[in-house]
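# Structure for this input, please:
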Amino acid sequence: MGIRVLHVVEAVGIGNGVENGIANLIARMDPGRFEHVLCGVFRMGTQVERYPADRVKLVSLEQKQRRLAIQIGPLVQLIRKQKPDIVHSRNWGALESVIAGRWVGSCPVIHSEHGVEMDPSAEPRRRSWFRRLAFEMADHVFSVSYQLRDMLVERTGISRRKIGVIHNGVDTERFRPDSLARRRLRAELGVGEKEFCIGCVGRLNKIKDYPTILRAAEKLSESCDSWRLWIVGSGSERAALEEFAAARPALCGKMQLLGSSDRIPELLNALDAYVLPSLCEGISNSLLEAMATALPVIVSETGGNPEVVVDGESGLLFAVGDSQRLADHLLMLQRREETRGELGRNALTRVKEQFSLQAMVRQYEEMYEQLAVKKARHADLAEEICRPGGGTSGTTMSRRGTVS
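Numbering: from 1, shown residues only. Okay, the predicted model is just below:
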């Protein structure tokens with residue numbers, strides 16, 4: 001039997017970047033060495049087709065319906081029932097799994113942070129206190145970027161040595177340049193071959209700062225008539241973005257909110273430039289996917305974005321919220337097809353060399369195996385101590401951790 005990993009996230013089947021990363025990981029880890037259970041604390045969505053049924057068991061605690069303020073009790077029951085060798089929680093919504101795992105005490109606990117869900121300056125201080133408590137209790141903590149690690153250190157006061165870094169990896173087989181897909185989808189959506197098509201992919205929430213790209217597109221329209229903007233994703237900010245665009249005549253008929261889609265590789269291939277305008281970011285999966293498609297990318301200079309994009313070489317950076325600089329970048333790329341091609345080729349080379357899915361999977365496998373060995377050693381030691389005469393009357397532990 002392989003190492004049984006219980007992955008805990010806020011929700012399963014909602015199609016966000018964290019889930020995409022988990023799906024990629026599970027599909028590529030050695031099934032002879034690992035088995036997986038994926039639990040959503042609050043709900044189960046509908047987008048579960050990417051999880052291979054023969055590799056992972058899906059579970060939902062449905063805590064959204066129960067409306068409990070504290071999730072530790074249900075998580076303790078989950079761990080006892082699933083009997084994992086390792087518990088791995090991700091992001092704030094699953095952080096109580098660390099406490100639950102320590103309560104049960106049967107296996108090592110990992111926690112990882114994959115991005116920022118709100119403006120860090122607006123985060124309640126009690127969250128930072130709870131994060132520090134959970135980080136101290138976990139066997140291993142890591143983030144997906146060095147910038148995110150440093151931000152967590154600053155917010156919690158925990159030692160930098162406590163938090164490791166594992167960069168996200170991109171599936172360069174699924175996301176790759178495809179000229180046939182480009183022509184097919186542009187024809188399907190009524191986009192001319194010479195129209196400059198800009199795109200974003202991600203959840204429609206405030207942290208992604210889509211108004212900045214809408215302002216930039218409005219400025220672009222002053223110098224360029226032949227352009228389109230596609231925003232792919234769903235979320236709470238959709239109505240606000242529709243209202244924003246409706247009030248600006250330059251965007252009418254040019255900007256489209258396409259909603260969630262299972263055709264992201266095709267959509268990326270149909271674009272001429274990709275924009276990520278986030279206020280905060282970890283290592284964006286959608287950014288890596290765009291680069292793997294050999295797209296020129298323009299990203300806000302925040303979070304892990306500068307770790308991925310070398311400005312002027314494998315993409316372009318702009319200051320957070322600077323719609324004018326973003327518009328300037330877009331206009332330059334619209335006018336200079338050769339620059340688009342050069343940046344796109346360099347972006348593809350960079351993700352293949354520095355952000356491969358194979359490297360990410362290897363790091364996870366090594367981490368899980370090391371912790372499983374630690375669990376086995378502790379189990380052997382506990383068994384030794386609990387044997388008759390092994391550790392109850394007069395038996396002591398030596399400084400090396402062996403029974404004497």
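# List the buried residues of stretch 137-145.
Ala138, Asp139, His140, Val141, Phe142, Ser143, Val144, Ser145 (16 or more other Cβ atoms under 10 Å). For every residue, glycine as well, the C-beta is placed using N, CA and C.
# C-terminal to the helix or strand of the chain with the lowest mean pLDDT, what's the next element?
Each helix and strand of the chain was given a mean pLDDT (mean pLDDT, DSSP states H and E); the minimum falls on helix 63-66 at a mean of 67. Where DSSP states H and E defines the elements, the next helix or strand beyond helix 63-66 is helix 72-82.
# Show me what that following helix is packed against.
Counting contacts by 3 or more Cβ pairs under 8 Å, 6 or more residues apart in numbering; DSSP states H and E, helix 72-82 packs against strand 3-12, strand 34-44, helix 96-104.
# Switch the ones you listed over to TSV; also include mean neighbour count.
Listed next are these as TSV, based on neighbours: other Cβ atoms under 10 Å:
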stretch	mean neighbour count
strand 3-12	24
strand 34-44	21
helix 96-104	22
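# quick one, which of these is nearest to Gly233?
Distance to Gly233, taken as Cβ to Cβ, is lowest for strand 3-12 among the helices and strands packed on helix 72-82, at 15.3 Å.
# What residues sit buried inside the helix or strand that comes right after that closest one?
Note on strand 3-12: by DSSP H and E, the next helix or strand toward the C-terminus is helix 17-28. Neighbour-count burial for helix 17-28, counted by 16+ other Cβ under 10 Å, picks out Gly17, Val18, Glu19, Asn20, Gly21, Ile22, Ala23, Asn24, Leu25, Ile26, Ala27, Arg28.
# now, among those, which is nearest to Leu214?
Nearest to Leu214 among the buried residues of helix 17-28, with distances taken as Cβ to Cβ, is Gly17, at 21.7 Å.
# The closest one contacts Arg90, correct?
No. With contact defined as Cβ atoms under 8 Å, Gly17 does not count as touching Arg90 (10.8 Å).
# any residues in contact with both of the two?
By Cβ atoms under 8 Å, 6 or more residues apart in numbering, Gly17 and Arg90 have these common neighbours: His114.
# before we move on, back to that, and the buried residues of helix 17-28 as JSON lines, adding distance to Arg125?
Shown next, in JSON lines, are the buried residues of helix 17-28 (distance: Cβ to Cβ, whole Å):
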{"residue": "Gly17", "distance to Arg125": "27"}
{"residue": "Val18", "distance to Arg125": "25"}
{"residue": "Glu19", "distance to Arg125": "29"}
{"residue": "Asn20", "distance to Arg125": "31"}
{"residue": "Gly21", "distance to Arg125": "29"}
{"residue": "Ile22", "distance to Arg125": "30"}
{"residue": "Ala23", "distance to Arg125": "34"}
{"residue": "Asn24", "distance to Arg125": "35"}
{"residue": "Leu25", "distance to Arg125": "33"}
{"residue": "Ile26", "distance to Arg125": "35"}
{"residue": "Ala27", "distance to Arg125": "39"}
{"residue": "Arg28", "distance to Arg125": "39"}
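# I figured Thr339 was touching Leu331, is that so?
No. The criterion here is Cβ under 8 Å, and Thr339 misses it with Leu331 at 11.6 Å.
# Out of these two, name the residue with the larger neighbour count.
A direct count of neighbours by other Cβ atoms under 10 Å for Thr339 and Leu331 places Leu331 higher, at 18 against 14.
# contacting residues for the more buried one?
Leu220, Ser223, Cys224.
# Ile14 now?
Shown in contact with Ile14 (Cβ under 8 Å, 6+ apart): Arg43, Gly45, Gln47.
# quick one: His167 from Pro52, how far?
Going from His167 to Pro52 by Cβ to Cβ, to the nearest Å gives 23 Å.
# Grab the longest helix from the chain for me.
helix 357-386 (DSSP state H).
# Tell me where the model's unsure across the stretch 1-150 of the chain.
Within the stretch 1-150 of the chain, the ranges that satisfy pLDDT under 70 run 64-68, 117-121.
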